[in-house]
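A.B. asks: Structure here, sequence nowhere to be found:
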């Protein structure tokens, strides 16, 4: 009996692309159909399944009909989980994902876009790892594999016992995207198998290759060693900041801002007012943030608690940026969008990012 | 069986001349002996003459990557190591392994410029700065004479310039070594001289490096030594091959751009390319064309392709076009 994996396909994901729509959230699915859009998820799903090397090791649970069953028939044995109606919705994804987890799947594969990732995030968060196969019009969340084929490699890596890492799910405003504006914020995290490139062709094995977990631990050790007991630290969202909180022995709100002073938690999931109150009570302060994977925002997306007023009080020179080398290497640059153009300009230039123990990278910030 | 097209290691696609191969063969016939010190000295003399520097500055190494590794291992003690990011991968590996403190300066697309003012400002305390010029994998020249002078004016800075692709760029700072004891230039015969299989690297190093690295003066494998001497005596062949590669590089760049790829200007024997086709490196490998994955250091979509023979380049373009068109359809 192999490992038990679940498969859920969002049948409408990606249909907007061929007919010039950006996304199929809400009413846009019907519009895409009216414009003659063809489903693209069947091919993506087949691409995925035909590239998994260790297919025979799987015990597969699939969602019914077009949400999974149709695409798997004839390829490998499976069991169907849940029921769906004539039209499918986000609720089906959420319900069936929960049911699969209840039935003991060890990995959930889903085919869809950023919206599907948010549904899966709502349903199962990080209770079981996922492999996210991109089929959306434009997929931004770092939790996704770059392609169906890369997703198949992630499934194989999982079956071989790879490490797991938390990757971001973004909330993309499709209305804004249709107007050619990218408005995204950090929505949550999914746990994904880590596939790392250990080898440069023909060269020796990379000693740079470390698991994301190890890299975050290195950063946490380095940052905590350098902390000043007199300074108030405002820890922004993200798993790297959580590693720092873990090193300090305090409980971190993954998506929120927590405040630490002298290694003790002095503010939990604080909002702007809570932060401003804390700043009044303490003298020196620093904000610690990590860039959002994919787009590189360090301020303004995913950490709205750090308002222009908060940032001005702390001072732009007291922003500490951390992030693993692998993560920041995937970014073209860092970005800020605080909503205050004058303040944004103060960040233009280069900032130092702590990327490991005794390791830093000077990265360009663009506004 | 289909022959694999190797465009992933920045090798010279043209083999060494028959004379060089014959010299290596003669070296093979005496494999029971270590290289003769007189022959090693002869090679140092030829390299000194080729580079226009005193013989004492020249240090030999079985591959320039090993020399870079030795330099980082030896001189990173008590110094902060500074490199660009991305950079030559063995340099990155050695910095990670040996440096107690390592600062990378990110080269951001699309220009991949090195902000040398920022770099100079970052030089606090003893530093070992290692810059590949041209940079691998971007292909871009990072340094100009004023930038090098500014770095060399800093106190307590050792500057190492990796010039593995000097013959393609035509830009060198080797002539500055005599005046600046804290400067080292690292080069190789692997690329332009068609000797990747022989692994002959060398450094043109200032006095600060000379004493410490003297113990590293390596015995090269005898066939490599013989081949290197012969190749240097026939440097006209090398220059002709470099000319052909540069011509092919520009032809390949135009062909890729016509197919909708973004190709970055290069002063080397390779091109950095950005494409929206997912998994392109693997897809090309399935077609028997090897190009280099650079996603450990750059965002997804970038890959590096070495310049091959015209036939190899055409085969690569055909395989690339097939995927690129299917993406655009």
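C.D. replies: Looks like it arrived, so ask away. Everything numeric in this text was worked out from a predicted model, so none of it was measured.
A.B. asks: make it CA atoms for all contacts and neighbour counts henceforth
C.D. replies: OK.
A.B. asks: what about whatever residue of chain B ends up closest to chain A, distance to residue B:231?
C.D. replies: Residue nearest to chain A within chain B: residue B:299 (3.9 Å; CA to the nearest CA). Counting by CA to CA, to the nearest Å, the gap from residue B:299 to residue B:231 is 39 Å.
A.B. asks: can you list the residues that contact the helix or strand hosting residue A:266?
C.D. replies: In the assignment (DSSP states H and E), residue A:266 maps to strand A:264-267. Here strand A:264-267 makes contact (CA atoms under 8 Å, 6 or more residues apart in numbering or on different chains) with A:248, A:250, A:251, A:258, A:259, A:260, A:274, A:278.
A.B. asks: Can you classify the residue of chain B closest to chain A as helix, strand or coil?
C.D. replies: coil (DSSP: H, G, I helix; E, B strand; the rest coil).
A.B. asks: ranges for the helices of chain B?
C.D. replies: B:18-28, B:37-51, B:64-75, B:89-98, B:116-121, B:145-153, B:166-169, B:207-213, B:222-233, B:235-258, B:280-286, B:310-328 (DSSP state H).
A.B. asks: and the spatially most central residue of chain B, what is it in contact with?
C.D. replies: By CA atoms, centre = their mean, chain B has its centre lying nearest to residue B:164, at 3.0 Å. Residue B:164 sits next to B:64, B:132, B:133, B:186, B:187, B:188, B:191 when contact means CA under 8 Å, 6+ apart.
A.B. asks: cool, and residue B:68?
C.D. replies: Residue B:68 neighbours (CA under 8 Å, 6+ apart): B:91, B:186.
A.B. asks: Swap in 7 Å and give it another go.
C.D. replies: Applying CA atoms under 7 Å, 6 or more residues apart in numbering or on different chains to residue B:68 gives the contacts residue B:91.
A.B. asks: Could I get the pLDDT score of it?
C.D. replies: Confidence at residue B:68, expressed as pLDDT, is 97.
A.B. asks: ok, and the closest non-adjacent residue to residue B:267?
C.D. replies: residue B:169 (4.7 Å; CA to CA, 6 or more residues apart in numbering or on different chains).
A.B. asks: Count the neighbours of the one you found for me.
C.D. replies: Here the number of neighbours of residue B:169 (other CA atoms under 10 Å in any protein chain shown) works out to 20.
A.B. asks: repeat for residue A:144
C.D. replies: Neighbour tally, residue A:144, other CA under 10 Å: 28.
A.B. asks: From residue B:129, how far out is it?
C.D. replies: 37 Å.
A.B. asks: Over to residue A:270?
C.D. replies: From residue A:270 over to residue B:129 the distance is 43 Å, taken as CA to CA.
A.B. asks: higher neighbour count, these two?
C.D. replies: Shown here are residue A:270 and residue B:129; by other CA under 10 Å, residue B:129 has more neighbours (25 against 19).
A.B. asks: Give me the pLDDT value at residue A:37.
C.D. replies: 64.
A.B. asks: Correction: the previous question concerned residue A:88.
C.D. replies: pLDDT at residue A:88 comes out at 85.
A.B. asks: what does residue A:146 give?
C.D. replies: 77.
A.B. asks: Could you report the distance from it to chain B?
C.D. replies: Residue A:146 is 6 Å from chain B, where distance means CA to the nearest CA, to the nearest Å.
A.B. asks: Next, count neighbours for that residue.
C.D. replies: For residue A:146, the count of nearby residues is 18 (other CA under 10 Å).
A.B. asks: Touching, it and residue B:278? I think so.
C.D. replies: Yes. The pair residue A:146 / residue B:278 is scored as a contact, 6.4 Å apart, by CA atoms under 7 Å.
A.B. asks: State the distance from the residue nearest to the centre of chain B to residue B:202.
C.D. replies: Residue B:164 is 10 Å from residue B:202, by CA to CA.
A.B. asks: next one: residue B:14
C.D. replies: Counting by CA to CA, the gap from residue B:14 to residue B:202 is 22 Å.
A.B. asks: So for those two, which residue has more residues nearby?
C.D. replies: The neighbour comparison of residue B:14 against residue B:202 (other CA under 10 Å) goes to residue B:202, with 27 against 17.
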